[in-house]
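1. Quick one, structure for this:
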Amino acid sequence: MNLRGPSEEVREACGVFGIYTPGMDVARLTFFGLYALQHRGQESAGIASSDGKAAYTYRGMGLVAQVFHEDNLRPLKGHLAIGHNRYSTTGSSHVRNAQPYLIETIDGPLGIAHNGNLTNALELRQMLLERGVGLYTTTDSEIIVQMLAAPPEVWTGDHGPSNGHHEDDPWIHRIRAFMKLAHGAYSLTILTRDAIYAVRDPLGLRPLCLGELDGGHVVASESCALLTIGARYLREVRPGEIIRLDRQGITSIVGHTSRRNALCVFEYVYFARPDSWLEDQVVHTVRQRLGQQLAREAPADADIVVGVPDSAIPAAIGYSRESGFPYTEGLTKNRYIGRTFIQPNDHLRQLGVNLKYNPLTANLQGQRVVMVDDSIVRGNTAGPLVQLLRDGGAAEVHMRVSSPPVRHPCFMGVDMATHNELIAHNMDVEQIRQKIGADSLHYLSHEGMLQAVREGIKDERRGHCSACFSGDYPLTIPEWLFRDDREKLIFEASWGS
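-> Predicted structure coming up:
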């Protein structure tokens, strides 16, 4: 949920990590796993660990390398740990909202790292408050940890396991009960005294994968985190699956299932790192296919193709291959400048584009340029980028976007802005072209995007959420989530208003 000021780019869903590796420095491995997932959250970072006797945690605001150092990693003892990178979706930017959350329960320590958003968070929050549970934050992640902390009968009235399996594990019963009540997106890593649990929502909206490392096991939002620490990728956590990692290895349990799958298609367009695997295909390859399809649908009379660094580069390469126009660098990126959406207003944000990119004049002089970007959300940076190419000597700038127009907000863990802030919700393509100053503008079609994404998927049952483009949400979205005052509603739930 977008509860903060407007920004041009979409804020990533968070990154989660979990590891069970006896005899290894799990805090250090978690640090490097989070470092590999830094692109998914640059606001805060945290790690919680357990040695089988007690649990330890450290959280802070900033990048992973800013939050952690040798002195605060050293006390995070144990052989199992979870970690989290965060962008605020539900809940403001404050250290109290940083994850993982770690509390003490009747069954020992409980830590939660959450990627996603619960669409019925207001209803669940009210349920907790009515049962006397005190809440410290406005995040739906705190709702999850509090629901898992109590026996399931507190919420469901169910006094026994749903079947005869895993009766000796109270956490499985609690997780299942939570999954029955929770709606929306959640990929979770859960820490207890003796085990790590990985949980993915029944629709599979947010990614989560499983790996193996020196006799132990690892779970992470993306496979790039596994490879960074030397783990071997095994598979994705299935939608609706609960995985337990402990001394017995991997235990897979059916949590709560759905008739459809709906992985966020924006993971392919923008979020995921290009070297990650999603649905058994490399993200970089899919992005090239998006660019190739874009070239077929929207050819241009041009001399060169350039991509907006970094996420649009694979699509630009694909466009170049299909069109026959040579690919070259047209914009050089200052990799030490933060992403432009951290700027607090439009004026500073547009200055941020100039700080972040510079035109490569030698490549652009007198050229008719196709500039490929992965998306246009609010339209605040597209215009300055077009102007940068013109300032660098480009004779023409033809903008091509490797995804459809973003017309609808996301409520499943992505800060996608409101209807009023989305340029494509309020303008047609020609109006947007005029606003950004391009000689031509074309988007990839919705059908073309899905065709390119699904070309490499063998399982026909796989499905995708593309609601930000189509407005077709994979689950019912409560009316209150569309309101601009939804954060106020969350606070009012504290007083039963």
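
2. what mean pLDDT would you report for the host helix or strand of residue 190?
-> Using DSSP states H and E, residue 190 sits within strand 187-191. Rounded to a whole number, the mean pLDDT of strand 187-191 is 98.

3. which secondary structure elements does whatever helix or strand comes next after it contact?
-> In the C-terminal direction, the helix or strand that comes right after strand 187-191 (DSSP H and E) is strand 196-200. In terms of contacts (3 or more CB pairs under 8 Å, 6 or more residues apart in numbering; DSSP states H and E), strand 196-200 is packed against strand 15-20, strand 80-86, helix 170-181, strand 187-191, strand 216-220, strand 241-246. Any C-beta I mention is one placed from the backbone N, CA and C, and that applies to glycine too.

4. 7 Å - rerun?
-> The elements that strand 196-200 packs onto, with contact taken as 3 or more CB pairs under 7 Å, 6 or more residues apart in numbering; DSSP states H and E, are strand 15-20, helix 170-181, strand 187-191, strand 241-246.

5. JSON lines for those, including mean neighbour count and distance to residue 476?
-> Below are the helices and strands packed on strand 196-200 laid out as JSON lines (neighbours: other CB atoms under 10 Å; distance: least, CB to CB, whole Å):
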{"stretch": "strand 15-20", "mean neighbour count": "31", "distance to residue 476": "25"}
{"stretch": "helix 170-181", "mean neighbour count": "20", "distance to residue 476": "15"}
{"stretch": "strand 187-191", "mean neighbour count": "29", "distance to residue 476": "21"}
{"stretch": "strand 241-246", "mean neighbour count": "22", "distance to residue 476": "23"}
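
6. And these: which comes nearest residue 105?
-> With CB to CB as the measure, helix 170-181 is the member of the helices and strands packed on strand 196-200 nearest residue 105 (9.3 Å).

7. which helices and strands sit right next to that closest one?
-> In terms of contacts (3+ CB pairs under 7 Å, 6+ apart), helix 170-181 is packed against helix 140-149, helix 153-156, strand 196-200.

8. mean confidence score for the shortest one?
-> I take that to be helix 153-156. 82.

9. can you check the first one too?
-> The average pLDDT for helix 140-149 rounds to 95.

10. okay, the angle between it and strand 196-200?
-> 120 degrees (axes from the mean of the first three to the mean of the last three CA atoms, to 10 degrees).

11. which residues are contacting helix 140-149?
-> Around helix 140-149, the neighbours that count as contacts under CB atoms under 7 Å, 6 or more residues apart in numbering are 90, 99, 101, 103, 105, 110, 112, 114, 117-118, 121, 124-125, 128, 133, 135-136, 155, 174-175, 178, 186, 188.

12. Of these, which belong to strands?
-> The strands in this structure, assigned by DSSP state E, contain 101, 103, 105, 110, 112, 114, 188 from the contacts of helix 140-149.

13. pLDDT score for the third one?
-> In this case it means residue 105. 95.

14. Okay, and the beta partners of it?
-> Judged by DSSP bridges, the bridge partners of residue 105 are residue 108.

15. how close does residue 426 sit to residue 437?
-> Note on residue 426: its distance to residue 437, by CB to CB, to the nearest Å, is 18 Å.

16. quick one, which of the two is more surrounded?
-> The neighbour comparison of residue 426 against residue 437 (other CB atoms under 10 Å) goes to residue 437, with 16 against 13.

17. Quick check, pLDDT for the closest residue to that one other than its chain neighbours.
-> Closest residue to residue 437 in three dimensions, ignoring its sequence neighbours and counting by CB to CB, 6 or more residues apart in numbering: residue 386, at 5.0 Å. Predicted confidence (pLDDT) at residue 386: the value is 97.

18. quick one, phi/psi of the residue of the chain most remote from its centre?
-> Of all residues in the chain, residue 366 sits farthest from the chain's C-alpha centroid, using CA atoms, centre = their mean; the distance is 39.3 Å. Taking degrees, to the nearest 10, you get phi 70, psi 10 for the backbone angles of residue 366.

19. where along the stretch 201-350 of the chain do the helices fall?
-> Counting by DSSP state H, counting those that start in this stretch, the stretch 201-350 of the chain has these helices, from start to end: 223-228, 266, 283-297, 313-323, 346-356.

20. Name the helix or strand of this structure that has the lowest mean pLDDT.
-> helix 486-492 (a mean of 60; mean pLDDT, DSSP states H and E).

21. Can I get the helices of the stretch 201-350 of the chain in CSV including mean neighbour count and distance to residue 53?
-> As requested, the helices of the stretch 201-350 of the chain are exported to CSV (neighbours: other CB under 10 Å; distance: least, CB to CB, whole Å):
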stretch, mean neighbour count, distance to residue 53
helix 223-228, 23, 27
helix 266, 26, 42
helix 283-297, 23, 40
helix 313-323, 24, 47
helix 346-356, 16, 47
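
22. Just send those helices back as JSON lines, with distance to residue 259 and mean pLDDT too.
-> Written out in JSON lines, the entries for the helices of the stretch 201-350 of the chain read as follows (distance: least, CB to CB, whole Å; pLDDT from 0 to 100):
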{"stretch": "helix 223-228", "distance to residue 259": "27", "mean pLDDT": "98"}
{"stretch": "helix 266", "distance to residue 259": "23", "mean pLDDT": "96"}
{"stretch": "helix 283-297", "distance to residue 259": "25", "mean pLDDT": "98"}
{"stretch": "helix 313-323", "distance to residue 259": "32", "mean pLDDT": "98"}
{"stretch": "helix 346-356", "distance to residue 259": "42", "mean pLDDT": "64"}
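
23. related to what we said a few turns ago, emit the PyMOL select command for whichever of the contacts of helix 140-149 are buried.
-> What follows is the PyMOL syntax for the buried subset of the contacts of helix 140-149, where burial is set by 16 or more other CB atoms under 10 Å:
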select buried, resi 90+99+101+105+110+112+114+117+118+121+124+125+128+133+155+174+175+178+186+188
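
24. Report the contact partners of residue 304.
-> When contacts are counted by CB under 7 Å, 6+ apart, residue 304 touches 325-326, 328, 367, 369.

25. Please apply the same query to residue 320.
-> Counting by CB under 7 Å, 6+ apart, residue 320 makes contact with 305, 326-327.

26. Please consider this matter closed, and thank you.
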